[in-house]
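J.: Output the structure for:
(chains A and B)
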Amino acid sequence: MPALGVVNPYYLEIAVQVGIYVALALGLNIVVGFVGLLNLGFVAFFAIGAYLWAIFGSPQANQFIAGGLFPLSAGWFFIFLLLSVVVGAATGVLLGLPVLRLRGDYLAVVTLGFAEVVRALVNNLDKPINLTNGPRGITPITKPPLFFQPLLDVLGIQVTPAQLYPLYFYFLVLALACVIVIVTRRLEESRIGRAWKAIREDEIAASAMGIPVVKMKLVGFAVGASFASAVGVLFAAKQVFINPESFTFMESIGVLAMVILGGMGSVPGAILGATGVTVLNLQLLKGLSLWLNGLRQSGAVLSIPLLGDFAWSQLPAQFEPAKYERMVFGLILIVMMIFRPQGFLPPQRKR
Amino acid sequence: MALEILPQVLVDGLVLGFMYALIALGYTMVYGVLEFINFAHSEIFVLGAFVGVEILFMLESSGNLTVLHPAFVLALIVMAAMAISGLAAMALERVAYRPLMGGPRLVALISAIGASFLLQDGLRLFESLWRNTFYLTYPTMAALDRAVPLSANLTVPVKSLLVIGTALAMLVGLYLFVNRTRMGAAIRAVAQDPDTASLMGVPVKRVIALTFFVGGAMGGLAGVLFGLHYSLVNPYSGFFPGLKAFTAAVLGGIGNIPGAMLGGLLLGTLEALAASYLSIFTDGAFGAEYKDVVAFVVLILILIFRPKGLLGEKVREERA
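T.: Residues are numbered from 1 along each chain as shown, chains lettered A, B, ... in the order given. Predicted structure coming up:
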């Protein structure tokens, strides 16, 4: 993959995007797949992480903290990565505490509402104190430090930061995803993981067996949230610019579709699902749109037997497959639920 | 200044509340019977709005809009929207929900979300191919735009009265339907216990389909009224009204018909008050843009302190 990326930076960009979604899907997989809690506002935690670094890793924080200390230097990136785990877990607990006694579908609506509240806040907290710069978003956000550059100089490899960063982010995302996979695996095998699955299968039986249901649900919520938040920090640093537009309901559903497609409760499934959906969105649908646009401009005519000719140029300009992400997700969700609710790579049942 | 606008704010809030209540009736009907949140209900609502605007466009382009009596035009678009929305909700139940009944709740819920997205972009696709745009504006009907002045500071447009009148009529009609007719009795029986009802000779599947039809028709009606009142519709305009109607249903006690109405009215009024007064009371720091947040805060508070809702009945826990 990285070798390919050096040849064509576009593929590297897609690989990084895939990695970000893989990490997000792994986080949501804990909440939905292991504990069985439908969270429709997962993107809120992602947004919290992203804004955490964006505010302090850019001149934005000078708006409300005097002294001109910001942006923080690049080295702070890793500290904020750790900090975001804590902040994510804290917000997860904060939201979870009041609502986790609720039944599944109420929880779904409340999490959805929570995500909308977070979006309304980042969208409007440019007054009375300018925290988030509102709809205009925050830029420039500091990138992580190139701490290995001296080493490359010693080795005699001359590369500019512009060439280096895509590759660097690729490895950062890869490392983050690996950490998440390892933590998930360890949790899955532990007492906590088994308690989660017991709650998912039958909450009443689990609580009868002495599992502290609400506490375990909270742990699951917090772990998922902290992963999403850490991914958010990385996302902000990679994008350099973030605004509320990146954190819509659609993103939550996209990540949910990935988890369901791959197989709820399955780590390889979440990875497969995230890769599949991201490539579908970024490559296939976009490709189809470009192809149709090309046809529209080429003046070609399609001859359909019995129906006569159809000039491609008559195709309405508003018709663009890349804009129909929701429809594709909707179809995927329904068809999967009817024919294969366990996903493509369902978790192996261990005895 | 703050008090002078209060009557107008309250009236606007009531109209909004009746709108929410109408949508909430659809959620509550389905929830009452199946204990299942029909996530696609907000799109059924938008579908109704689109049926209404398409028929008005047709009448307009054939020159009949100004010729026909407004009451006839209204009746026509309301009937069409109710029929099509109702049928769509029935079809949805058949395709996306019925195969999943009896499985885990999560599965049906996700399928409902999928259906909601499919309908959103399906509408967008249709309008894109048909009109090359999907942001539609309702043609104006002069009869509806007249306003009735009640006092110096307060005028009520005819279309607001229409919303209030229809909502009240629907509330009474639905209440009588559920509590006084044979079909209503069947619906209540299925809501109590589908297995026993089926032993008693109630055709459970047909009753569920009927429930979806009635709920969908309510949604369609609300959609037309929404379109007539606020003029602009697009395939995504169901999201916030849908969420708020759901909040209203939970607020009043989901599954409870008068509760949906009460919840809708409270929420609508609260939202109108927030939109007008938040900025005055916080000295401009927090303005009308936070009105959408109010609904979610209400939802969370209600779920914490009174999960059954204001008029809620005992919730059957064993099917949780």
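J.: use CA for all of it now, contacts and neighbours both
T.: Noted.
J.: Stretch A:204-223: which residues count as buried?
T.: For stretch A:204-223, burial by neighbour count (16 or more other C-alpha atoms under 10 Å in any protein chain shown) applies to A:206, A:211, A:213-214, A:216-223.
J.: Let's have the residues you listed in TSV, adding pLDDT.
T.: Shown next, in TSV, are the buried residues of stretch A:204-223 (pLDDT from 0 to 100):
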residue	pLDDT
A:Ala206	89
A:Ile211	88
A:Val213	88
A:Val214	88
A:Met216	91
A:Lys217	91
A:Leu218	92
A:Val219	92
A:Gly220	92
A:Phe221	91
A:Ala222	93
A:Val223	94
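J.: closest to B:Arg146 among those?
T.: Taking C-alpha to C-alpha as the measure, B:Arg146 lies nearest A:Phe221 of the buried residues of stretch A:204-223, at 52.7 Å.
J.: Now the closest residue to chain B within the stretch 201-350 of chain A: closest residue in space that isn't a chain neighbour?
T.: For the stretch 201-350 of chain A, the residue closest to chain B is A:Gly330, as judged by C-alpha to the nearest C-alpha, at 3.6 Å. Nearest residue to A:Gly330, sequence neighbours excluded (C-alpha to C-alpha, 6 or more residues apart in numbering or on different chains): B:Gly114, at 3.6 Å.
J.: and that neighbour, what does it touch?
T.: A:329-334 (C-alpha atoms under 8 Å, 6 or more residues apart in numbering or on different chains).
J.: did I read that right, it in a strand?
T.: No - B:Gly114: not assigned to a strand; according to DSSP: H, G, I helix; E, B strand; the rest coil it is helix.
J.: And the residue in the stretch 51-200 of chain B positioned nearest to chain A, how far from A:Met327?
T.: As assessed by C-alpha to the nearest C-alpha, chain A sits closest to B:Gly114 within the stretch 51-200 of chain B, at 3.6 Å. B:Gly114 is 8 Å from A:Met327, where distance means C-alpha to C-alpha, to the nearest Å.
J.: Number of residues surrounding residue 226?
T.: Since you didn't name a chain, this refers to chain A. 29 (other C-alpha atoms under 10 Å in any protein chain shown).
J.: My question was about chain B, not that one.
T.: 23.
J.: Which positions within the helix or strand where it lies qualify as buried?
T.: Element membership for B:Phe226, per DSSP states H and E: helix B:204-230. For helix B:204-230, burial by neighbour count (16+ other C-alpha under 10 Å) applies to B:204, B:207-229.
J.: In terms of secondary structure, what does the following helix or strand past it contact?
T.: For helix B:204-230, the following helix or strand on the C-terminal side (DSSP H and E) is strand B:232-233. Applying 3 or more C-alpha pairs under 8 Å, 6 or more residues apart in numbering or on different chains; DSSP states H and E, we find strand B:232-233 packed against helix B:41-61, strand B:136-137.
J.: Any stretches of the chain with poor pLDDT?
T.: Answering for chain A, as no chain was given. A:1-7, A:67-68, A:103-104, A:158, A:299, A:302-303, A:305-314, A:317-318, A:349-351 (pLDDT under 70).
J.: look at chain B instead
T.: For chain B (pLDDT under 70), the answer is B:1-2, B:282-285, B:287, B:312-320.
J.: Tell me which stretches of it form strands.
T.: Listed in chain order, the strands found in chain B under DSSP state E are B:136-137, B:147-151, B:154-157, B:232-233.
J.: Adjacent strands (with direction) for the first one?
T.: Sheet pairing here is set by DSSP bridges, and for strand B:136-137 it gives strand B:232-233 (antiparallel).
J.: residues from chain A in reach of chain B?
T.: Taking C-alpha under 8 Å from any C-alpha of the partner chain as the contact definition, chain A meets chain B at A:38, A:98-99, A:102-105, A:109-110, A:113-114, A:116-117, A:120, A:124, A:127-128, A:315-319, A:324, A:326-334, A:337-338, A:341.
J.: so what's residue 82 closest to, chain neighbours aside?
T.: Using chain A here. Closest to A:Leu82 by C-alpha to C-alpha, 6+ apart is A:Ala230, at 7.4 Å.
J.: oops, chain B please
T.: Nearest non-adjacent residue to B:Met82, counting by C-alpha to C-alpha, 6+ apart: B:Ala217, 4.1 Å away.
J.: Same check on B:Ala249?
T.: B:Ala260 is the one closest to B:Ala249 (C-alpha to C-alpha, 6+ apart), at 4.6 Å.
J.: gap between that neighbour and chain A?
T.: Using C-alpha to the nearest C-alpha, to the nearest Å, B:Ala260 is found at 16 Å from chain A.
J.: which ones are touching that residue?
T.: B:21, B:24-25, B:28, B:248-254.
J.: Take those residues and lay them out in CSV including neighbour count.
T.: Formatted as CSV, those follow (neighbours: other C-alpha atoms under 10 Å in any protein chain shown):
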residue, neighbour count
B:Ala21, 35
B:Ala24, 36
B:Leu25, 34
B:Thr28, 30
B:Ala248, 34
B:Ala249, 35
B:Val250, 31
B:Leu251, 30
B:Gly252, 30
B:Gly253, 28
B:Ile254, 33
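J.: quick one on the thing from earlier: roughly how far out does the host helix or strand of the residue of the stretch 201-350 of chain A closest to chain B sit from the chain middle?
T.: For A:Gly330, the host element (DSSP H and E) is helix A:325-339. Distance, stretch centre to chain centre, for helix A:325-339: 19 Å (C-alpha atoms, centre = their mean, to the nearest Å).
J.: And for stretch A:326-341?
T.: That offset, for stretch A:326-341, works out to 20 Å (C-alpha atoms, centre = their mean).
J.: So which bits of it are buried?
T.: Residues of stretch A:326-341 classed as buried: A:326-338, A:341 (neighbour count, 16+ other C-alpha under 10 Å).
J.: for stretch B:124-144, same thing?
T.: B:124-125, B:127-129, B:132-134, B:136-139, B:141, B:144.
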